[in-house]
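sequence and predicted structure, then a few things I'm wondering about:
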Protein chains: 4
Amino acid sequence: MQFGSDNQVGASRQILEMIETANSGFTHGYGDDQWCAEAAGALKDVFSCELEVFFVATGTAANSLALSCLAKPWEAILCHHQAHILRDESTAPEFFSGGGRLMPISTQAGKLEPRHLEEYFRRTAQDPPHTARPGALSITQINEAGLVYSPTELSQLCSLAHEYEVSVHMDGARFANAVAALDCSPADLTWKAGVDVLSLGATKCGALMAEAVLFFNPEHSESFSYRRKRSGHLVSKGRFFGAQFTGWLKNDHWLELARHANSKAQQLEKRLVPNPSIPQIWPRQANELFVAMPQQLSDTLHDAGAEFYQWPNHALPEGITLKENEVFVRLVTSFITSDEHIDRVCELVDQYETFHQCV
Amino acid sequence: MQFGSDNQVGASRQILEMIETANSGFTHGYGDDQWCAEAAGALKDVFSCELEVFFVATGTAANSLALSCLAKPWEAILCHHQAHILRDESTAPEFFSGGGRLMPISTQAGKLEPRHLEEYFRRTAQDPPHTARPGALSITQINEAGLVYSPTELSQLCSLAHEYEVSVHMDGARFANAVAALDCSPADLTWKAGVDVLSLGATKCGALMAEAVLFFNPEHSESFSYRRKRSGHLVSKGRFFGAQFTGWLKNDHWLELARHANSKAQQLEKRLVPNPSIPQIWPRQANELFVAMPQQLSDTLHDAGAEFYQWPNHALPEGITLKENEVFVRLVTSFITSDEHIDRVCELVDQYETFHQCV
Amino acid sequence: MQFGSDNQVGASRQILEMIETANSGFTHGYGDDQWCAEAAGALKDVFSCELEVFFVATGTAANSLALSCLAKPWEAILCHHQAHILRDESTAPEFFSGGGRLMPISTQAGKLEPRHLEEYFRRTAQDPPHTARPGALSITQINEAGLVYSPTELSQLCSLAHEYEVSVHMDGARFANAVAALDCSPADLTWKAGVDVLSLGATKCGALMAEAVLFFNPEHSESFSYRRKRSGHLVSKGRFFGAQFTGWLKNDHWLELARHANSKAQQLEKRLVPNPSIPQIWPRQANELFVAMPQQLSDTLHDAGAEFYQWPNHALPEGITLKENEVFVRLVTSFITSDEHIDRVCELVDQYETFHQCV
Amino acid sequence: MQFGSDNQVGASRQILEMIETANSGFTHGYGDDQWCAEAAGALKDVFSCELEVFFVATGTAANSLALSCLAKPWEAILCHHQAHILRDESTAPEFFSGGGRLMPISTQAGKLEPRHLEEYFRRTAQDPPHTARPGALSITQINEAGLVYSPTELSQLCSLAHEYEVSVHMDGARFANAVAALDCSPADLTWKAGVDVLSLGATKCGALMAEAVLFFNPEHSESFSYRRKRSGHLVSKGRFFGAQFTGWLKNDHWLELARHANSKAQQLEKRLVPNPSIPQIWPRQANELFVAMPQQLSDTLHDAGAEFYQWPNHALPEGITLKENEVFVRLVTSFITSDEHIDRVCELVDQYETFHQCV
């Protein structure tokens, strides 16, 4: 009953095997090897375009390095006020950008919309150098409420941003889940919609530790190799990043893993949400389920060994307040979530419901 | 008719004369001189306490250096979402703090209140090192809406902050105007209320360029001299800061200047606000008047040579929306604002009113 | 014939197997798992002391994060003018320390000696805040000339540093090779000699990507977890660092790997150095051989597929100048260097010698 | 007998009067005023070219801001190992450049010469992103040994730098003294020789606190206004910088002040250096005299109220060692140094000599 996070599992078999394969023999260090070359080729195929790709070990590194290429130290990086880069990556954006500003767009909506940005863009354009104008916009796909941005939504955000000379970054820690959920092409969700740079996360979706930063606009990537090196993110045995991505992308393995996770979340939703004591907070669109439940039920599940996180109330959508003794929780499925896990948690919920309906 | 800002005037006579006096002869450089010593003594008298004082040339330097002593690079500095340090000092707080976070507290209220902070403090305490916990709170006195915080209000904010181990900085660019307005002691508005460090601005209130950073808690000031030096704010002929502050504080000159500015703003308020076409937006409490007026009146005044700034709509209080063709403006008085200036602008307004009432 | 660097090989079998073992099932993320706990325990055993340990993916991250805990942004970090942190890690030390200074100690000696430091320590203590006093000393073991520091040499450097309140960091990218070469205990080479923090590299000596930062003095480590997170070096699937170190340390595997590398370098030395055309530049003490050779021989070897780097002339010891058409080269052995590699390169050299002696 | 530093005096009468004049009335803030415009015009006349000019309060700010426009955070800034930016400005270059490297060129020569740079340029060009390539070269004029660089020497250094795509900054804290000493045009010493940006110091040569950064190459200045603002160096009452520079430059006042200082140093040299107990260490070329003297004489002078600094031995030229009980000292003259000061110090020296010759 592990629904804590998709980073609490190991790596997929296919990826481990590719690491084994890549292990033998000598190669040049620092990414100048056949495995990185193969992975780069695979990424170009998957995204149907030319691109610059750089590998790093963590999502925080991928996001912050990417953003530091887009925003100057006297500019702001805009993000949703629940964004992972704001809530969960310490002050990494400020550190990597040399003291740029991370600027939350406060909104009770689950996703950023053009109306949230327009007013901000307009007014901060006014008074340089006193006011920090926005240099970059960061969008999470799937986002922190488990929601996906459609190609149309992305296009609208990106065109507005570009109109104000603001570049667009996508935090794709769960990009695979978004592609699987929307069933549209990686290109449609990125460069075709106007995204300038993507942090493509493999770690949450099957790798050990491997993230790729993809630049669709080569002029943004000029300083990346210097920034990666001086931040300690240039790995000497680079082949192991190449091997992980090669294994991940081969034969659509990445989408297979993501589809599995998404379908298990759907299964969980179907069985949990009809319960009257478990109101759904955000629509489930990929592999994350946000629901409320009685504190007592939550305790019962935890006591029985279920893993999932209570979510902070400030992340609730506008107009939603919890009942007394109710908690907001997030359940995440992964590429190894099994029916057995789902069955067990649902049985516990059923028992709770039965007992409380009698009472 | 100069109501643009209190930094658009020169220095007071008494301060210039003190500079003349300090000019002759030799002294050691870098603040190790009799004038700085005299100014430090005067500040201790004025604030009735022991304190550590450091002089710098600008308010941005004073604020950012002070804050960098309170918050670590992986912590957040909280401020009102209209704060000067957020809106008008570029990314100085991030730069000086080594990439710490400046975190706006979004509120439609004119001033920060404990309820705005409490929820934020509580939730960010939870998850180190992922979330940036707050290291400092910055309060502006008088603030960006021209409002003063009373000693009681300050005490409440400071105790709450201290409860969560958050230190308190006061941006006192117009601290003199606050003391003059509240008619209470500098001590009551600072260390007695729990303020840990004050940026005390003399520039807007009569000096050429001189700001002091006052530490009421010496353990916060340990790194200041290093930070000031490496940011280029240690002036070699330090005597000129000492001289400005000595001249400013001598015989309550600073309060005299501030009282003049405040009383002129009051005069302006009395004559402008009764006009039906000039609704007051925020109560006037010191030397800043925030009103709305028809765009046409604003244009007329500007055309006649009046100087004042249109203020951004995002700074309007909750529930207030402008009428069509109305603009939000700020009028600031200074230590040299004369009756003549006020008379002329009021006459222009009267003419406009008369003409438009006839119509 | 791969003598380019010990980071051009894969990982050892035992380490890969431990990754396999650790892969199954769920664990908490971010290093809060049994594998990291086991690795930490093993490190305490190996170093015979209590210590704080943090894992990261690269040596640059390990070194820079460690140093940023020792030196303030207005202090200097001293190192040998050939140090890896100066020559090969971009401006990572400056970046991580928030703009501290990396200060090379220029010396023609292969290793730092107390006399090089003493004068520097004395004079920079004089004039704060104008001069950047040293906050940390970084020593590489084995160092950039392939030389080892004995426990006595380390003790002398560390006591001198501590006398001036300078903390000591050891860059141990090849620490295993030093332990194997000196045949003394890890404790003798670190905390017993006065080293405050060690970057212990597993990558060059058998791991995929895994470095540990060991703090022998817990008060230095307070900020580490924050610094690691905000620099993107906190890996979510932390178990894989734990697994690598567990596998590396188990049954003295790490020393076995290092001894292999060292003995192969010794073998190479024995066969190459007697050749009149291959003068030895630095004594070989671990797994690196520094020699000069005719450009033509170097070309011949490269053409035949041998991998090794030409080394810069500025790294030559005092008083040594190359003959015309001679180049300075480094040959590095690793845990997989085989007799066959050595035989082949030595045969090529023999052929060259024979041919040129005839001529 | 004040020979400590030229920053231990006040401002010249003409500059103070210009401040008085500029004091009255209203102007826009932040440098958008007639005085700054007038000063900028005067600078263009003096340097006979178009240029971008920015004013700040300190030399450290001028130098560091200028350098941060030339070198990227992953590049090195080269300077003489006795440079003021290295020895006396804390870690300001690292701070402002976002963690770039300040790299001393160690040389026993008093001035930088092309041969010192060439080898460095060549080797650091090799290995990006591992090695920090040089982005800027900083030359001090007059330098830290009181020596001037001739136009020819500057041209050689600048062409070599430009050949390697390294930009050139001149620290002109005493530029006026250099112009006065060399009797050549400001243009010849800067842009005509290839200098890209000049920190032009007025403070040491007659102003209260006023330095100008002059960009001869406008593409380097793009980010300056942002960098100045976020580092707290944009002064609100900017007119006072404009007034100081206007007063300084008017009717060659600046050169008059510098010539006075230089001629007094020459006078001092003529009377002191012939004394057998006072060997000259560096040739006097402007307003600084570097000599050795017996510790006892130095003590006698200090006891009699003379102010001058003992200079560190590491700044001695190659091959020069002090006799036992001898100290290395620096004597600096300023625009107010009087014959009386010189007479008194020389009389004390004469007495000492007479006494000791008798003995």
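On my side now, so go ahead. Keep in mind that what you see is a predicted model, and the values were worked out from it rather than measured.

element containing A:Ile278?
Per DSSP states H and E: A:Ile278 is located in neither a helix nor a strand.

what pLDDT does it get?
For A:Ile278, the model assigns a pLDDT of 95.

verify the stated contact: it with A:Ser298.
No - assessed by CB atoms under 8 Å, A:Ile278 is found out of contact with A:Ser298, at 10.3 Å. Heads up, the C-betas are built off the backbone N, CA and C, glycines and all.

of these two, which one has the most company?
A:Ile278 (22 against 19; other CB atoms under 10 Å in any protein chain shown).

so what does the more buried one have for phi and psi?
phi -120, psi 70 (degrees, to the nearest 10).

for chain A, what helix or strand is lowest in average pLDDT?
helix A:114-124 (a mean of 86; mean pLDDT, DSSP states H and E).

name the helices or strands packed onto it?
If contacts are counted by 3 or more CB pairs under 8 Å, 6 or more residues apart in numbering or on different chains; DSSP states H and E, helix A:114-124 sits against strand A:76-80, strand A:101-105, strand A:134-140, helix A:151-163.

and those: which comes nearest chain D?
strand A:101-105 (9.9 Å; CB to the nearest CB).

show the average pLDDT along the closest one.
Strand A:101-105 comes out at a mean pLDDT of 96.

now do it: distance to the chain's middle.
18 Å (CA atoms, centre = their mean, to the nearest Å).

near chain C, anything from that strand?
No - shown here: strand A:101-105 not in contact with chain C (CB under 8 Å from any CB of the partner chain), separated by at least 11.7 Å.

and what of stretch A:327-336?
No - if you take CB under 8 Å from any CB as the test, stretch A:327-336 misses chain C, and the best it gets is 8.5 Å.

can you tell me what sits against that stretch?
A:2-6, A:8-9, A:12, A:146, A:204-206, A:257-258, A:260-262, A:264-265, A:268, A:281, A:287-295, A:298, A:308-313, A:315-316, A:322 (CB atoms under 8 Å, 6 or more residues apart in numbering or on different chains).

what about 7 Å?
A:3-6, A:9, A:12, A:205-206, A:257, A:260-261, A:264-265, A:268, A:281, A:287-293, A:295, A:298, A:308-311, A:313, A:316, A:322 (CB atoms under 7 Å, 6 or more residues apart in numbering or on different chains).

list the contacts for A:Ala37?
So A:Ala37 contacts nothing (CB under 7 Å, 6+ apart).

now the helices for the stretch 101-250 of chain A?
A:114-124, A:151-163, A:175-182, A:224-230, A:239-249 (DSSP state H, counting those that start in this stretch).

which one of the helices and strands packed on helix A:114-124 lies nearest to C:Asp252?
Evaluated over the helices and strands packed on helix A:114-124, closeness to C:Asp252 peaks at strand A:134-140, with 46.0 Å, by CB to CB.

pLDDT wise, what is A:Cys358 at?
A:Cys358 is given a pLDDT of 67.

so what are the domain limits for chain A?
A:13-253, A:257-358 (automatic domain parsing).

wait, which of these is closest to B:Trp74?
Going by CB to CB, the one of these nearest B:Trp74 is domain A:13-253, 5.2 Å.

hang on, the earlier thing: turn the helices and strands packed on helix A:114-124 into CSV, including mean neighbour count and distance to D:Phe328.
CSV is the format used below for the helices and strands packed on helix A:114-124 (neighbours: other CB atoms under 10 Å in any protein chain shown; distance: least, CB to CB, whole Å):
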stretch, mean neighbour count, distance to D:Phe328
strand A:76-80, 27, 51
strand A:101-105, 23, 48
strand A:134-140, 26, 50
helix A:151-163, 17, 61
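
give me every residue that touches the closest residue to A:Gly4 other than its chain neighbours.
Counting by CB to CB, 6 or more residues apart in numbering or on different chains, A:Gly4 lies nearest to A:Glu307, which is 4.0 Å off, once chain neighbours are set aside. Neighbouring residues of A:Glu307 by CB under 7 Å, 6+ apart: A:1-4.

what about A:Glu307, distance to A:Val9?
Noted for A:Glu307: a distance of 11 Å to A:Val9, by CB to CB, to the nearest Å.

any idea how far A:Lys237 lies from chain D?
16 Å (CB to the nearest CB, to the nearest Å).

tell me, how many residues neighbour that residue?
Counted with other CB under 10 Å, A:Lys237 comes out at 27.

contacting residues for it?
Taking CB under 7 Å, 6+ apart, one finds A:29, C:7, C:203, C:208-209 in contact with A:Lys237.

got phi/psi on it?
phi -90, psi 70.

and stretch A:25-44, what's buried?
A:26-31, A:33, A:35-36, A:38-40, A:42-43 (16 or more other CB atoms under 10 Å in any protein chain shown).
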